[in-house]
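*Asks:* could you work out the structure for the sequence below:
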Amino acid sequence: MSEPTNQIDESIDYSDIEAKYQVHFDESFDNVVVVDGLPVIDKAKLDKLVSKVVKEFSKKGVLIKADDISMPWDNAAGKSKGYMFVEFRNVDDANLAIANLHNHPFDAKHTFKVNYFADIERYQDFDETYVEPEQEEYTPREHLRAWLADPQGRDQYVTYRGDEVLIHWHGKPSQCEVAYKPEWKDFLYVAWSPSGTYVATLHRQGVRLWGGPSWKPQQRFAHPLVKLIDFSPCEQYLVTWSNEPIVVPEGATQGPQYFSPDDEGNNIAVWNIKSGDLLRTFSTHSDGDPTPVKKQMQWPALKWSPDDKYVARITPGQMISVHELPSMYLQGKKSLKIEGVVDFEWCPLGEKDKEDANPSNGKPAKKPRENMLAYWTPEVANQPARVTLMAFPSRTILRQKNLFNCKLYWQNQGDFLYYPVEVVELKDTVMDFSWEPKGERFAIVSSSDPNLGNPGPGITIKTDVSFYQLDHGKNDFRLLRTLSSRTSNAIRWSPRGRHVVLATVGSSSKSELEFWDLDFNSDDRKEGQTEWGTGIQLLGSADHYGVTDVEWDPSGRYLATSASAWTHTLENGYAIWDFRGQELVKNIQDRFKQFIWRPRPPTLLSKEKQKQVRRNLKEYSRAFDEEDAAEESNVSAELIAHRKRLVDEWNAWRLLRRKELGSADRPQSKDESKEEIEVWIDEVIEQTEEVVVE
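*Replies:* Now for the predicted structure:
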């Protein structure tokens, strides 16, 4: 019996099996990159340099180890050659390194230049013959502020009810309509950017920005479980916050638009809106304080300078840290050490500052003034409590004022800064304070009600509302008038000034609205009035049961009030009023949540152009009056046609019924054979409406 052999039968073709299970070795160098721009060092500094390089790569979301790095040396000189090779696990990691670290500043004198290893030889043999590229067809992008070109000059607002969001046009009754019904799903709430360019929705995965005539998605920011957002004043940056610390799972996508392991444990993120890149993250804990975030968190946690150049955050009792944009580096490489600091606010940028920086009259631009911030420190040791006004970035102390207690309120043009006991001492508790926009007046809601701070069910706090105005003769603020025994707890100035609404918000028993005009006798101030406060006039009173939010539209002609289901579930919905308190729209909607007017960007007209428009207002108004008359005429014609159609339908229905009953065949009495239907038409011959404007 012969032994079995292991010889392969060569007559059988195994090529298909060999091809299927053949092992392919990657012999390319696509996973190797060359990093140039390193400092030239000696052997003694090698470990320190490698460690820092690994850390810099990690900051940008690229994970490498020291063993992945090869550093060429000039043995004769005993120095490195200023570049290194990094071998990654795969091509994707190499691509990420080039995308994130090319032109990355390593230190003040060195910048990374990152290229594929295989490209070095390709660049060496590169054909330098110029070949004209093919011209791509230009596709214009949508204008993100196209709504401002509406021929009828209408504003917009957004409503959020149940799972439905609607963008509305608002104007005259015949001009109000739904502008867009988006299909946005599964989000917490919506928010407009400061100039109305974007509307943001907050989802479980992060934030989405929408805009343009078609409301296409414009940007997204991956911050899971985001709860709060804050735009910078010039809409260049966005801050997001979540109560859940950032966690980066194993194998998560890395890149400039995503969190890296270095961000783990933080809660706040700062993003670049145009690029979508993550700039930096922060923790809501104080530096060195591992305790959990408090339930009462101050928001916004980061405060922006009005020109978007700086963003600052406070470490209570210790310091204010100011970061430059877009690098997010600490300005001056050090924080403002302020013992006991409690609060701070940036000074707003006024229209005069903007006009000086960008003059439209042909004059040369003036050097912009420095940013200013005001901060408050309580009494510490032998140092009294005080407010300090500081210029930035020079950090020059402009003024200090001693006081006992403080809450900072800048006027929107930056002309005035309010803090208690500066103007008048009040024994009552101040519940609300508000400057008149672009004006020299402010209003205060105060109360001495014993139930203040602990009101029982059905108890409404009694308040006083006081108006003050700057007296140029005495360079001080003078009391204009006090409205006593009110229930108002909220002040809402028109964005144009002059008109103000006093509202009772958040009460279960009162929901009053008072519409006031502070210049009802508009000639008083021009003639140098001697009796202060004579121009304050109540225009109208109204009521919106369960009101939770009160907001003027950007024009200052309309006011919206709403009752949100987030606060209570009784008669939710919204109403729109004119500046005199006349109700124009009322919608009661279950599960209603939000009503927000779309903000307008600052005007592009110079002050001279604005003055010219005001001087020629009567001339412009003629065209609008003609449009109004034509609209009324069209409405009347439509109403007459509608009534005639109803009468014709009624007569046709009666004739049909008579035929069905056979009444047409039997003789009719003289009275039955005649039926007269009268149509009464009300026609307005002339209507005059007089509105006092500033």
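*Asks:* just the mean pLDDT for the longest helix along the chain, thanks.
*Replies:* Ranked by number of residues, the top helix in the chain under DSSP state H is helix 617-661. Mean per-residue pLDDT for helix 617-661: 81.
*Asks:* how far does it sit from its chain's centre?
*Replies:* With C-alpha atoms, centre = their mean, to the nearest Å as the basis, helix 617-661 stands 44 Å off its chain's centre.
*Asks:* what comes up buried for stretch 327-338?
*Replies:* For stretch 327-338, a neighbour-count test (16 or more other C-beta atoms under 10 Å) marks 331, 335-336, 338 as buried. Bear in mind the C-beta positions are built from the backbone N, C-alpha and C, glycine included.
*Asks:* other residues contacting it?
*Replies:* For stretch 327-338, the external contacting residues (C-beta atoms under 8 Å, 6 or more residues apart in numbering) are 270, 279-280, 310-311, 315, 318-324, 375, 377, 390, 392-393, 395.
*Asks:* what about 10 Å?
*Replies:* Residues from elsewhere that reach stretch 327-338 (C-beta atoms under 10 Å, 6 or more residues apart in numbering): 105, 237, 270, 278-282, 287, 309-315, 317-325, 344, 373, 375-377, 380, 388, 390, 392-393, 395.
*Asks:* show me which of those residues are buried.
*Replies:* 237, 270, 278-282, 309-315, 318-323, 325, 344, 373, 375-377, 388, 390, 392.
*Asks:* so for this structure, the centremost residue is which one?
*Replies:* Note on the chain: the residue nearest the mean C-alpha position is Ser193, at 2.9 Å, using C-alpha atoms, centre = their mean.
*Asks:* is that residue in contact with Arg600, as I believe?
*Replies:* No: counting by C-beta atoms under 10 Å, Arg600 is not a contact partner of Ser193; they are 11.6 Å apart.
*Asks:* picking that back up, among the contacts of stretch 327-338, which lie within strands?
*Replies:* Judged by DSSP state E, the subset of these located in strands is 237, 270, 278-282, 310-315, 319-324, 344, 373, 375-377, 388, 390, 392.
*Asks:* quick revisit: which of the buried residues of stretch 327-338 fall within strands?
*Replies:* Using DSSP E, Leu336 are the members of those that sit in strands.
*Asks:* between the buried residues of stretch 327-338, which is closest to Arg122?
*Replies:* For the buried residues of stretch 327-338, the closest approach to Arg122 (C-beta to C-beta) belongs to Gln331, at 42.7 Å.
*Asks:* what confidence value was assigned to the closest one?
*Replies:* 91.
*Asks:* so what pLDDT did the closest residue to Asp107 other than its chain neighbours get?
*Replies:* Of all residues not flanking Asp107 in the chain, Pro39 sits nearest, at 7.6 Å (C-beta to C-beta, 6 or more residues apart in numbering). pLDDT, Pro39: 92.
*Asks:* quick one, what contacts Pro39?
*Replies:* Pro39 touches 45, 49, 52, 80, 82, 106-107, 109-110, counting by C-beta under 10 Å, 6+ apart.
*Asks:* which one of these has the most neighbours?
*Replies:* Ranked by the number of neighbours (other C-beta atoms under 10 Å), those place Ser80 first, at 20 neighbours.
*Asks:* let me see the contact set for that residue.
*Replies:* Counting by C-beta under 10 Å, 6+ apart, Ser80 has contacts 38-43, 45-46, 49, 71-74.
*Asks:* okay, and which of the residues you listed map to strands?
*Replies:* Judged by DSSP E, strands contain the following of the contacts of Ser80: 73-74.
*Asks:* Pro348: which of the contacts of Ser80 is nearest?
*Replies:* Using C-beta to C-beta, the contacts of Ser80 come closest to Pro348 at Pro39, 44.5 Å.
*Asks:* beyond the host helix or strand of Glu18, next helix or strand please.
*Replies:* Element membership of Glu18 [criterion: DSSP states H and E] is helix 15-21. Counting by DSSP H and E, the element after helix 15-21 in chain order, helix or strand, is strand 32-36.
*Asks:* in that following strand, what's buried?
*Replies:* 32-35.
*Asks:* specify the strand with the largest residue count in the chain.
*Replies:* Counting residues, the longest strand in the chain under DSSP E turns out to be strand 476-486.
*Asks:* which neighbours does that one have in its sheet, and in what orientation?
*Replies:* Here strand 476-486 is paired, per DSSP bridges, with strand 463-471 (antiparallel).
*Asks:* CA atoms only for the partner strand, dumped as PDB, please.
*Replies:* The C-alpha trace of strand 463-471 is given here as PDB (Å, rounded to 0.1, in the frame of the first residue of the first chain):
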ATOM      1  CA  THR A 463     -45.800  99.200  42.200                       C
ATOM      2  CA  ASP A 464     -44.800 102.700  41.300                       C
ATOM      3  CA  VAL A 465     -43.500 103.700  37.800                       C
ATOM      4  CA  SER A 466     -41.200 106.700  37.600                       C
ATOM      5  CA  PHE A 467     -39.900 108.600  34.600                       C
ATOM      6  CA  TYR A 468     -36.700 110.600  34.600                       C
ATOM      7  CA  GLN A 469     -35.000 112.900  32.100                       C
ATOM      8  CA  LEU A 470     -31.600 114.500  31.800                       C
ATOM      9  CA  ASP A 471     -31.700 118.200  32.800                       C
END
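*Asks:* buried sites along it?
*Replies:* For strand 463-471, the neighbour count (16+ other C-beta under 10 Å) marks 463-470 as buried.
*Asks:* tell me which other helices or strands whichever strand or helix holds Leu559 touches.
*Replies:* Element membership for Leu559 (DSSP H and E) is strand 558-563. Other elements packing on strand 558-563 under the criterion 3 or more C-beta pairs under 10 Å, 6 or more residues apart in numbering; DSSP states H and E are strand 155-161, strand 499-503, strand 512-517, strand 537-543, strand 549-552, strand 573-578, strand 583-588, strand 592-597.
*Asks:* among those, which is the most enclosed?
*Replies:* strand 499-503 (a mean of 25; mean count of other C-beta atoms under 10 Å).
*Asks:* now the angle from that strand to strand 463-471?
*Replies:* Going by axes from the mean of the first three to the mean of the last three C-alpha atoms, to 10 degrees, strand 499-503 is angled at 160 degrees with respect to strand 463-471.
*Asks:* can you pull the contacts of the residue nearest to Ile596 when sequence neighbours are not counted?
*Replies:* Sequence neighbours aside, Val158 is the residue nearest to Ile596 in space, at 5.3 Å (criterion: C-beta to C-beta, 6+ apart). Val158 makes contact with 165-168, 179-180, 182, 190-192, 199, 594-598, according to C-beta under 10 Å, 6+ apart.
*Asks:* among those residues, name the buried ones.
*Replies:* Buried, going by 16+ other C-beta under 10 Å: 165, 167-168, 179, 190-192, 199, 594-598, out of these.
*Asks:* kindly report the domain assignment for this structure.
*Replies:* As given by automatic domain parsing, the domain ranges for the chain are 32-124, 310-353+369-423, 429-543.
*Asks:* low-confidence stretches in the protein?
*Replies:* Along the chain, segments meeting pLDDT under 70 span 1-11, 21, 23-27, 285-296, 353-365, 403-426, 522-533, 634-636, 663-694.
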